[in-house]
Each structure stands twice: as structure tokens, then as C-alpha cells.
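A.B. asks: Have a look at this prediction, sequence included:
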Amino acid sequence: MDIAHPPDISYATQGSSRDSSLVTETEDISSGIRGISLETWASPGPSSPQDYYQAKDMPHLLQDHINSLPPSYLKSDFVREIFEAHISESTAEDEPDAPQIRIYNPIEGDDETSPPWEFHYSNHMWHGEGVPAPEYSKVRCSCKGPCDPKSKTCACLRRQEGYTRDAEGAKGFMYDNKGRLNMKLMQYPIFECNDLCSCSDECRNRVVQHGRKCSINIVKTKEKGWGVFAGEKPIPEGTYLGIYSGELLSDAEGEERGLKYNKFGRTYLFNIDWWYLQRDEPEIKYVVDAYHIGNFTRFLNHSCAPNCCLVPCYVNEGNLEKPLFTVFTLHDVQPYEELCFSYRGLDDDSDHQSAPNQTDAIYVPCRCGAATCKGKMFL
Ligand SMILES: C[S@@+](CC[C@H](N)C(=O)[O-])C[C@H]1O[C@@H](n2cnc3c(N)ncnc32)[C@H](O)[C@@H]1O
């Protein structure tokens, strides 16, 4: 696994806690970058819970603008700083406790300063054509204060244990009192308390909805393109990292896109085909595509010895077919270690396949570098 020691670069700080309802396309970012004020390209997004993110509304003005700059600007440090500012601005509301994401390219002789400007940074799911709008879950609890993991009456706990009851160590919620995933249950879907529950915000069954808290960076690797690396602090096992966000598409649209992506050797498509959704025969209804829109998780590379895993999770979604793909650490991660998951899913003898396969899979040589590398990976 690669280790990234970031170069000593000092960064300007960006204003981050902003009310997006006040944002207009011409408003100045007050702190700017290196004292230079910038226009903001933030999109206000949906303003009510009934409203939702739709792929047809995906912002692209910033990307178009940057891509129209002369090549020398595109490879400048200034453009990298704009990328970092775009990340901070797009995520300030949904992950208020998240340390800022930095971008590094430590590869000698490689002058790319930021990943390609081919996507809009967002932590949300943007619904494509024909994909139903989010629906509220019919399950909500009426607990007072934080939910009790031993409660006899909490409706959310009852639903969660309905899925996990056969697992060893299955009592209680999916998270411990530090908000870490119970690794014995990592192959089961998470059902968090939602906006209609009456429990408090401090409830231990609310983790994904509070956003990332650990430090990660986007770093160029020698053989796998851009990747995601831990920051300066170790990350404990079971820590929530982020949602594999992107466009939520019908299977037919995913198939069509997959054929195109395979031609240029990079894909960001994942099928939603968790074991508990497969009834009589496996059926894929939706796929997630992070090519045009996504967050740092779109840079997570494949490893045959992964330190992260994907877990399906429901927050404000009652449609079982539309879980969020949430990324958690599989074990303790050292500072500056690369974060990877297995694109094949976790090899396991049990009936439960805990991570989805990529759509339209074709094999290419794997460069994960693990001692147990199988030599090839899905595209
Ligand atoms: C979801 S993207 C990961 C981010 C990508 N490295 C980038 O620069 O945008 C998946 C693509 O990364 C590359 N990749 C990921 N893991 C790899 C591995 N273990 N060996 C070789 N290439 C890998 C492949 O091109 C793959 O299609």
C-alpha cells in the first residue's frame, strides 16, 4: 500500500461555514485565496426535504471555466487551491466537523497539480431520469434524548435488529458509543435514525448523517492515478469516512455508460446489488456513477488487501433499493496510509456479499502492491 508524506506547503484558509441559501453566483468568498477574492460557484441545492438533488441540475460552470484556461494555468498551484476551495465550499454544510481535504502530487516528473476538472464535488446523490425521488421511511422512533441500544420500544432498533439478529454480537445498533461501526455487523445494512425520529441529535444511531470527521487527502499515485490517503492522524477501525456519492442511475443507463468508460480505462460506476436486495434472482435496478459528480471517495483505488469497506446505509430514504454506499475503515489505518477498498467485494465464505461489483466488469492488471495481490482487477 502506498504511503503519502505530504510536502510542506502552506495553505490559505477558506471561509467554510456559509449559508448556501445566501449564495449567488457572483458573491465573493470573503477570505479568498492568497488574499485574492474569488467568485463562488456554489449551487444552493434543494431547499426543502421534499425537494431533492436531480442529475439534470448538476452544476458545471466552474469546471467549464477552469477547463477553458490555458494549459499553464491548469497545471498551476493556484488551480489546485481553487480545487481545495471548491471542496470546502461544496461540503461546508453537510460535514461541518470535517478537516479540510488537501491535494498533493508527490510524483517526480509529473506536473499535474490537481485531479482532472471533470466532476462537480458533492456529498449528495443526484437522481437520474426515471429514478424515483427519496421517500420518507415509515419507521421512526419516538425516543426521548439519545436512543438506548437496549431499548425494548425503539422502532429503529427493532428494525436494525430485524436484519442483524442472526449475526454474532448482534445486539444493539450498528455503532458503538464512539460512533464506530461494529465490525461483526459490517455485512449488514445500517438503518440510522432519520429526520422524522424524535430522538436527539446526539443519538448514537446518527453517524453517517453527521459527516466525515477524520482527516484525509487526495494524492497522486505512481501507477493508479489519484488516490485517497489518511492525513496526519491514525484512523481507528470502523470509522466512517464518507458516502460514495454521485449520480443515481437506472441500470440501463449505467450499462450504456460503462461501455464508454471501459474504452478509456477508468470507471466510477458501481452496481447496487447487495445480498439482502436479491430475492429470487439477482437483479440490478440502480447504479451509482461518480464520474460527473462525486466526492473524495471517487478516488478510492482498489486493493486486494483493502483497509476500507462499503456498507449500505439508509438515513432519509424509505426505498430499500436505494441505499447510500458508505465507506468505513476495515481496520486501524496509519497516518498517510492509502485508503482502498476491494472492487470485487470482500472475499468471504459467508453467503453475504458485502460490497458491490462494478458494472460491465473487464479485467486489467492490478497495481495495488499488496503481498496477496491477485494480479488483476475489475474496471
Ligand atoms: C474509482 S477510480 C479510482 C480513482 C482513480 N485512480 C483516478 O485517478 O480518478 C477507478 C480507476 O482507478 C484505477 N485503479 C484503481 N485501483 C487500481 C489498481 N489497484 N490498479 C490499477 N489501477 C487502479 C483504474 O483506472 C480504475 O478504473
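C.D. replies: That came through, no problem.

A.B. asks: Tell me how many other residues crowd the residue in the chain that the ligand sits nearest to.
C.D. replies: Residue nearest to the ligand within the chain: G225 (2.6 Å; Cβ to the nearest ligand atom). Heads up, the C-betas are built off the backbone N, CA and C, glycines and all. When neighbours are counted by other Cβ atoms under 10 Å, G225 registers 15.

A.B. asks: confidence score at it?
C.D. replies: Looking at G225, its pLDDT stands at 96.

A.B. asks: what about L185, distance to G227?
C.D. replies: 28 Å (Cβ to Cβ, to the nearest Å).

A.B. asks: I'd say L300 and V228 touch.
C.D. replies: Yes. Using Cβ atoms under 8 Å, L300 is in contact with V228, at 5.1 Å.

A.B. asks: so what sits against both of these two?
C.D. replies: Listed as contacting both L300 and V228 by Cβ atoms under 8 Å, 6 or more residues apart in numbering are L339.

A.B. asks: Now name the helix or strand holding I82.
C.D. replies: Assigned by DSSP states H and E, I82 belongs to helix 77-91.

A.B. asks: which regions of the stretch 201-350 of the chain sit below the pLDDT cut-off?
C.D. replies: 280-282, 347-350 (pLDDT under 70).

A.B. asks: who in it is up against the ligand?
C.D. replies: When proximity is defined by Cβ under 6 Å from any ligand atom, the stretch 201-350 of the chain lies next to the ligand at K224, G225, W226, G227, G265, R266, T267, Y268, R298, F299, N301, H302.

A.B. asks: Please list only the buried members of those residues.
C.D. replies: K224, W226, G227, T267, Y268, R298, F299, N301, H302 (16 or more other Cβ atoms under 10 Å).

A.B. asks: so is the fourth one in a helix, a strand, or just coil?
C.D. replies: Counting by DSSP: H, G, I helix; E, B strand; the rest coil, the backbone at T267 sits in coil.

A.B. asks: Please apply the same query to V287.
C.D. replies: Going by three-state DSSP: V287 is strand.

A.B. asks: wait, what's in contact with E317?
C.D. replies: P134, E135, S137, P323, L324.

A.B. asks: do you know how far it is from C154?
C.D. replies: 19 Å.

A.B. asks: circling back: what residues are up against the residue of the chain closest to the ligand?
C.D. replies: So G225 contacts R266, F299, N301 (Cβ under 8 Å, 6+ apart).

A.B. asks: what's the answer for I243, then?
C.D. replies: Going by Cβ under 8 Å, 6+ apart, the list of residues near I243 reads N123, M125, V208, N295, T297, C313, L324, F325, T326, V327.

A.B. asks: Give the bridge partners for the closest residue to it other than its chain neighbours, please.
C.D. replies: Taking Cβ to Cβ, 6 or more residues apart in numbering, and ignoring the residues beside it in sequence, I243 has L324 as its nearest neighbour in space, at 5.0 Å. Counting by DSSP bridges, L324 is bridged to C313.

A.B. asks: hang on, isn't L324 packed against V208?
C.D. replies: Yes. Here L324 lies in contact with V208, judged by Cβ under 8 Å, at a distance of 6.8 Å.

A.B. asks: Confirm C214 sits in a helix?
C.D. replies: No. Counting by three-state DSSP, C214 is not part of a helix but coil.

A.B. asks: Farthest-apart pair in the buried ones among the residues of the stretch 201-350 of the chain next to the ligand, please.
C.D. replies: The distance between the two most remote of those (Cβ to Cβ) is 15.3 Å, for G227 and T267.

A.B. asks: What are the boundaries of the helices in the stretch 251-379 of the chain?
C.D. replies: 251-264 (DSSP state H, counting those that start in this stretch).
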